[in-house]
Each structure stands twice: as C-alpha cells, then as structure tokens.
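S.K.: Kindly return the folded structure for what I paste below:
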Amino acid sequence: MNQKSKQGYSHRCLAVWALACVVFVTFIGLRPTWIGRVETAPLKVLDSPKGHDGGRNFREHYDVLVVGAGPAGAVFADLAARVLNQTVLVLDERDHIGGRYFDSGLDKELFLAKSGLELFHTNEERTWRYWHRHGKLTARGDFRVTAHYADTFVPFPVNKDSIRLLNNTRNLTGSKTAFPEVLLRSYIKKRWGISQEELDPALLKRLQARSNWDDRYYPDDRYQGIPSDGYNKWFQAAFAHPKITVMTSTSYFGLPSSTSAGRIIYTRPMDTYFHQKQTIGAESVTERLRYRAVRASASFSPFKPAVAQPGAIVSYPEELDSPYTFCTDYSQFWPGLTNRAAKVYCQTYSDTTGDHDRVELVPSKTNKQLWEHYERLAAQETASHNVHFVGLFHEDVAGVVSHALKRFDSIFGPTQPPTPRVADIAKASSVFSVNIVVSVYRDNLAWMTGTCLSLKQAMPDIRVHFIVYSKHPQNTLDKANQLVQGCNATAEVIQLPNVGREGHTWLVYMLTRELDFADANVFLQGGHESKNDVVVTAVKAIQDILFKAGETQASSKANRETDIQDYEGKCPLPHTSVELVDVKTYGSNRLHFLALNVLASGWPYSRESFQKLLHAEYCEWVRTGVDPDCTFDQCSQSYKSFRGEHVVTDAGLRRALARHRTLLTKIYSGLRSSSTPLSGHALERLWLTLFNGVVTSATCKSSKMISLKLH
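M.R.: Predicted coordinates:
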C-alpha cells in the first residue's frame, strides 16, 4: 500500500469512527439507561433495549415498583428482595443511583457527595446496624459546628459560651441588639429564606440558645460517623441482587401501561407526583411545596495551609459574610489527607428557589398546612391505586433510612433485617486513649520509646498514639514507627514549615484535629523537657480520677450529659510538684488541664528589653481574648506555664476552643507569618492562662494549689 492509500485508509477509519460516535450519542446515549445487577463501581451499564418490553432483565410485572434510587428507595428494594424474596423494579430520573448522596469520586481517598459532606447520625441502634449491612461507618466522635459571626468564632447552636462571646462583641461595637438573637435570625433567613416569625414554632424552640456549655451539633444522637468508602459503594451493594432491576434516566410516568406492580413505593417529593397527574379525585392541585435545596462546590488549596479554618465545619450565617452556608475542611474528617499536596474544602449553598436536589421541606407555617393538604391526597391515592408515599425529605441520610425502615414495617408488616454483613460495626471505644503531640525540628526523638514504655507499664491497657509534627525532613514515619513498635503504640508524622516554635505546632493540632482528640492529650517539645515520671503522673491522675468517673471522652459522660464547669480564674491552680490532689476538697475539674511545669510569676529572661516586649505581647492576648478587665500588673504577676508542655483532656480542649477559638486563630496566623520568636515565647507562657484563666499569687495562696506526686 502506497503512502496516499495509507492516508486515505486512515481518513476513512476516522470518518467511520466519528459516525459511530454520532450514532451512539443520538440513538443510545440519550435513551434511558437500564441497569440489571449492580455489582461494582463504576456501575456496569447493560445494553439499552429497543423498547420497554424488549429490555434485558425487564418484565411486565413486578412485586414492588420503587420510584427513586436514593436511601429510601434502597431500603425498600433491599428488604423486599432479600427479606421477602420479591421482584423489584427501581426507577430514577437521574442518571445515577444514590440521589444527592452520589459521590463525585475526586479520588480513591476522598468522597464528595453532590450536596457536600453528609454526616450519618442517629440515636437508633436499628438504623445504625442496618447501614452496616452494606458498608462501614467510621465513628468520628460527636460532630461540632463553629459559626463565624461578627468576626468571632462561636459554638453553634448557641450555648453559654456563644452568648458570652457575642455579648462581648456587642459591648465592643456598641450595638444595642443582643447578638445571639441577631445570629439566629440571620441563620434562619440564609438557610430557609424565611423570617423567624414564619418558622414552625416546634423547630424554633429547638434552635433557641442552650442554657449550658454543650457544643455538640447533634447532642441526642449516640451514633455518629461517616461512610468509610463513601456512599456510592453502599448503594451499589444495596441494589446488587438478582431480583432487583434498576433503571436510571427514566421517569415513572414514562413507563408503558402494560407495566404493573403489586405495590408502588414513591420516594420522590410528594407534590411532584400529583402535579404530573391532572387531578386526584375531586381535588385539584395548584400550589407546590417549598423545599430547601443544596448544592456543593469543592475547592482545592494548592498551598496547603496547616490551618485554613479553625474547625472541621464552619457555618456562615451572615448573608454578607459569604455566599455559602457551611464550609468543610475534608482533611479533618479523613486524617490520611493531612500530608497531601493540596487541601480540599467544600462550600455548601442553600437554595429555596432553584432546581437543585431538594433536601428538606422549608419549615414554615404555610408549608406545614400545605403538607397536610398533600397528605390527604396521598391517602386517597394509596387507597385507589396502591401507591405509598414514603419521602419525608429529612436533611440527613440517617433520618431518611430510619423513616424508610418504619414505613416498610407499616406497609409490608414488621420485618427483621438479616444480621449486618460487616463484622466490625464501628462503635465508640471504651479504652482510655492518649495522644502525644510532639513538635520537633532536629531533636533526637529516642526518648519516645522510654516515654511510651513508662506509660504502658503504669497503665497496661491504654491506647497510645504519637503525632509528630516535624519541621525538618529528617523525621520520617519509618523512624517514628521504629521508636514505638516495642510498646504496641502507633505513630504518624506530619510535615510543617519551620515557623512559630512549638506553639504553632500545637495550635495546628488543636484547630484541625478536633475529631481525633484523646482522653489525655500530652503536648511535648522535641527535646522533651518534662521527665517521664511527671508525664505518667499527670496522665494517670486523669485516668484514675476523670476517666473512671465517666468525665472523659471514651467514658462518654462529658460528651453525653451536662458539661465541664466553668473554672476560669478559680483556685486551686493545678501543677505537679508537691502532693497528691485532694479531689474531694478541690473538685475534679481542676484536672482537665495540668501544666507539666508552672512558673510562679515574672519572666525568666535577663534582657529587660525582651521582657518588656514579651510582657506586652502576652498581656495583649490576655486582655483581648481571655479577660478584658485584667490589668498589666495582673498579667505580669499571673501564673504562667513554663516551656509550655502540658496535658489536657478531650473535654478540656473543647472548652478552651469554645472560649478562645478566635484568639487562637489570630495567634496562629501571627505565628505562621512572623519570623520573630517573640510570639512563640509568649505563647509558651499563655497555655495555663488559656485553660485556667488569670490567676495570681494574690488570689491563690500556694497552700491551696493542687499538686501531684508519684504514688
């Protein structure tokens, strides 16, 4: 074949290929997608049929026809096929299963649903166990949300800390309106597009400010987690059964009249059903229900700041503050993403007017009345056509699953789903846990072995995890694992820029690892200034007194019941030098923070100029973020932590973050951008004040100080 013939042959091949692509898009790509047995990701699409009656795996009659391939549809299809042995046809107008929980699949480690990060939370054991039939949930502790309002980070929903912080802001700005009330009005308007007066009274009552320090977003839910492998795999497993046929890109109203089913389960918005039919009985449908929809947008930060936002989830209730309602830092939910080249953030937008995925009914009084009207129409349709409406459109996936399980029982009769196929159902650990947070540059970390062995010898059953924040590339994960492998501990190494001394490092942990806080969190420098026996004494005191009394994370009381008392500025002041603490006299709350070294007062520096600068920096932080009434003399004479090393409980860390998150974020930003060690030295002295308030020798006599000793 000559050169011209070869070129002509190539051109003809390209033309044939282009024509084939056009034919595929025209006659196949735009037709409904039929899915038989869903087995693996990505979904295996079967050949499109020439007509409805000639489709592969398609029959004219099904025991159950499910409209909607979201969580409710998956529950009905799964139980009908696996428990009742019935044939099921599942339809969805979308081009995928999973509804708004469909994962966009950014990569194998990161799962981003269409509507943003979807948290699984419930107080029902049945719902929790049912989900584990087809996938695993990773327990991440109690979810918390921080609100950014009036340039202040506050716990949300509003609690006692929020009120204090917002009222301080009001006093500084001279506003005459109580900021907690303004925040609530802004939140309602931005989220649902209605005024506080229009909101359903039952929901408004739940949004009112709390009378305690509880900062959990879902305080009544025992089970909270995120899908370990995303939502897609769960839906694929739920629909993977020989008796289940799934067809996407297909409307229920487009099925041929020859298709029949014993029961029809409609999981889509109830009003859409009636608006696609002209009239039902004597009543005509004229008004649509109003829903809140969401859309999510992922953004990548190539510069990977260690702290981009001071919390895993930050709410933005002010309209002018940002266009989105929530921003989520994904690295805080999946710690394995910490050392990635870029960080991923997800902004979630509320929309009550667009055509995005509808999440929940707008909880207005008018909407509630209209819903009752549709319920009457639904009852008529169920009686006349055996169509059952099960879509309530909760905001969360667990609520949808819970409602679907109950509706399945009411329609088909009580059933007991088979035992979960996933053996290791995630549960909150009851083992006392210790995180040792280390800030290191070129220090020799050989001491990690001795510290770990000392802790294990004193408390054999504890779980120890080292988090090494390295500011030099010589510190690798392999080296860290070698140092702790002999004491049955684990380790991770996270690289940070060499700025801000150890205070910068510890702030990174506090602001980005809330979901990983342990019962006892030990903050140490790379040189390990504190002796092992002092560390063991502090940790053992927390275990013996707080953990056994149910006041730390794993024992759940601190997270499940009330809160830690507000002990700012109260005597006695904890430190570790003289005698065993008398808890009956002084109370156990003093033990939530233990400074491993305490400086009585003053500044241990010979250079007077440096002392003055340090004093000014320290006092500015105290006056702006801790105690605005504190004088410079009181700041100078207050007790301070020496070298900064300390031990603090999970609950103690959360209380400090609730009170001082704005200040800590400001300090972190300064340390990250400054090359001077001044702020780092000042922060070393500030830790005790942040956790315990301003305490001076004049207000706390040394005889009343709590101390610890080995015993």
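S.K.: quick one: contacts for Val484?
M.R.: Contacts here follow CB atoms under 8 Å, 6 or more residues apart in numbering; on that basis Val484 touches Met448, Thr449, Cys452, Val464, Phe466, Thr490, Ala491. From N, CA and C alone the C-beta is placed, and that goes for glycine too.
S.K.: Including secondary structure, could the residues you listed go into TSV?
M.R.: As requested, these are arranged in TSV below (DSSP: H, G, I helix; E, B strand; the rest coil):
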residue	secondary structure
Met448	helix
Thr449	helix
Cys452	helix
Val464	strand
Phe466	strand
Thr490	strand
Ala491	strand
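S.K.: Pull out the buried members of those.
M.R.: Among the contacts of Val484, those scoring as buried are Met448, Thr449, Cys452, Val464, Phe466, Ala491 (criterion: 16 or more other CB atoms under 10 Å).
S.K.: Redo the residues you listed as JSON lines? Include distance to Arg206 and pLDDT.
M.R.: As requested, the buried ones among the contacts of Val484 are exported to JSON lines (distance: CB to CB, whole Å; pLDDT from 0 to 100):
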{"residue": "Met448", "distance to Arg206": "47", "pLDDT": "90"}
{"residue": "Thr449", "distance to Arg206": "51", "pLDDT": "91"}
{"residue": "Cys452", "distance to Arg206": "45", "pLDDT": "93"}
{"residue": "Val464", "distance to Arg206": "40", "pLDDT": "94"}
{"residue": "Phe466", "distance to Arg206": "41", "pLDDT": "94"}
{"residue": "Ala491", "distance to Arg206": "42", "pLDDT": "90"}
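S.K.: quick one: the helix or strand that Ala404 is a member of to chain centroid distance?
M.R.: Using DSSP states H and E, Ala404 falls within helix 397-412. Taking CA atoms, centre = their mean, to the nearest Å, one finds helix 397-412 lying 24 Å from the centre of the chain it belongs to.
S.K.: Show residues contacting it.
M.R.: Outside of helix 397-412, the residues within contact range by CB under 8 Å, 6+ apart are 70-72, 75-76, 79-80, 84, 101, 118, 120-122, 124, 126-128, 130-131, 223, 231, 263, 265, 267, 388, 390, 392-394, 415.
S.K.: please redo it, this time with the cut-off set to 7 Å
M.R.: Contacts made with helix 397-412 from outside it, assessed by CB atoms under 7 Å, 6 or more residues apart in numbering, are listed as 71-72, 75-76, 79, 84, 101, 118, 120-122, 124, 126-127, 130-131, 263, 388, 390, 392, 394, 415.
S.K.: hang on, the earlier thing: quick one: which of the contacts of Val484 is nearest Asn481?
M.R.: Minimum separation from Asn481 among the contacts of Val484 (CB to CB) is found for Ala491, which lies at 5.5 Å.
S.K.: was I right about the closest one contacting Ser470?
M.R.: No - using CB atoms under 7 Å, Ala491 is not in contact with Ser470, being 11.3 Å away.
S.K.: burial of Arg654, as a residue count?
M.R.: Residue neighbour count, defined by other CB atoms under 10 Å, stands at 26 for Arg654.
S.K.: does it belong to a helix or a strand, and which?
M.R.: Using DSSP H and E, the secondary-structure element containing Arg654 is helix 650-673.
S.K.: what sits against the most centrally placed residue in the chain?
M.R.: Among the residues of the chain, the one closest to the centroid is Phe143, at 5.2 Å (CA atoms, centre = their mean). The neighbourhood of Phe143, defined by CB under 7 Å, 6+ apart, consists of Leu119, His121, Tyr217, Tyr218, Gln224.
S.K.: So which bits of the helix holding Arg654 are buried?
M.R.: By neighbour count, and taking 16+ other CB under 10 Å as the criterion, the buried residues in helix 650-673 are 650-665, 667-668, 670-672.
S.K.: before we move on, the earlier item: including distance to Ser258, could the contacts of Val484 go into JSON lines?
M.R.: Written out in JSON lines, the entries for the contacts of Val484 read as follows (distance: CB to CB, whole Å):
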{"residue": "Met448", "distance to Ser258": "72"}
{"residue": "Thr449", "distance to Ser258": "74"}
{"residue": "Cys452", "distance to Ser258": "71"}
{"residue": "Val464", "distance to Ser258": "66"}
{"residue": "Phe466", "distance to Ser258": "66"}
{"residue": "Thr490", "distance to Ser258": "61"}
{"residue": "Ala491", "distance to Ser258": "64"}
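S.K.: Grab the two from those that are most spread out in space.
M.R.: In the contacts of Val484, the most distant members under the criterion CB to CB are Thr449 and Thr490, with 13.8 Å between them.
S.K.: tell me the strands in the stretch 501-650 of the chain, going along the chain?
M.R.: According to DSSP state E, counting those that start in this stretch, the stretch 501-650 of the chain carries its strands in the segments 520-525, 593-595, 598-599, 640-641, 646-649.
S.K.: To Val246, which of the ones you listed lies closest?
M.R.: In this view, those are compared for proximity to Val246 by CB to CB, and strand 520-525 is the closest at 47.0 Å.
S.K.: between the closest one and helix 650-673, what angle do the directions make?
M.R.: If you take axes from the mean of the first three to the mean of the last three CA atoms, to 10 degrees, strand 520-525 sits at 30 degrees to helix 650-673.
S.K.: list the helices and strands strand 520-525 packs on?
M.R.: Applying 3 or more CB pairs under 7 Å, 6 or more residues apart in numbering; DSSP states H and E, one finds that strand 520-525 contacts strand 433-440, helix 532-541, strand 646-649.
S.K.: Tell me which residues of the longest one come out buried.
M.R.: What it means is helix 532-541. Taking 16+ other CB under 10 Å as the basis for neighbour counts, the residues of helix 532-541 that come out buried are Asn532, Val534, Val535, Val536, Thr537, Ala538, Val539, Lys540, Ala541.
S.K.: mean confidence for that helix?
M.R.: Taken as a whole, helix 532-541 carries a mean pLDDT of 85.
S.K.: Could you name the helices and strands sitting against that helix?
M.R.: Applying 3+ CB pairs under 7 Å, 6+ apart, one finds that helix 532-541 makes contact with helix 447-458, strand 520-525.
S.K.: change it to 10 Å
M.R.: Counting contacts by 3 or more CB pairs under 10 Å, 6 or more residues apart in numbering; DSSP states H and E, the secondary-structure elements packed against helix 532-541 are strand 433-440, helix 447-458, strand 520-525, strand 593-595, strand 646-649.
S.K.: between that helix and strand 433-440, how big is the angle?
M.R.: Using the same axes, to 10 degrees, one finds that helix 532-541 and strand 433-440 are set 150 degrees apart in direction.
S.K.: and helix 532-541 with helix 447-458, angle?
M.R.: Interaxial angle of helix 532-541 relative to helix 447-458 (the same axes, to 10 degrees): 40 degrees.
S.K.: so how far is helix 532-541 from its chain's centroid?
M.R.: Mean C-alpha position of helix 532-541 versus that of the full chain (CA atoms, centre = their mean) differs by 32 Å.
S.K.: so who does Val362 touch?
M.R.: Under the criterion of CB atoms under 10 Å, 6 or more residues apart in numbering, the contact list for Val362 reads 191-194, 198-200, 289-292, 352, 368.
S.K.: Then Lys531?
M.R.: By CB under 10 Å, 6+ apart, the residues touching Lys531 are Thr451, Ser454, Thr537, Thr576, Leu596.
S.K.: Kind regards, and thank you for your time.
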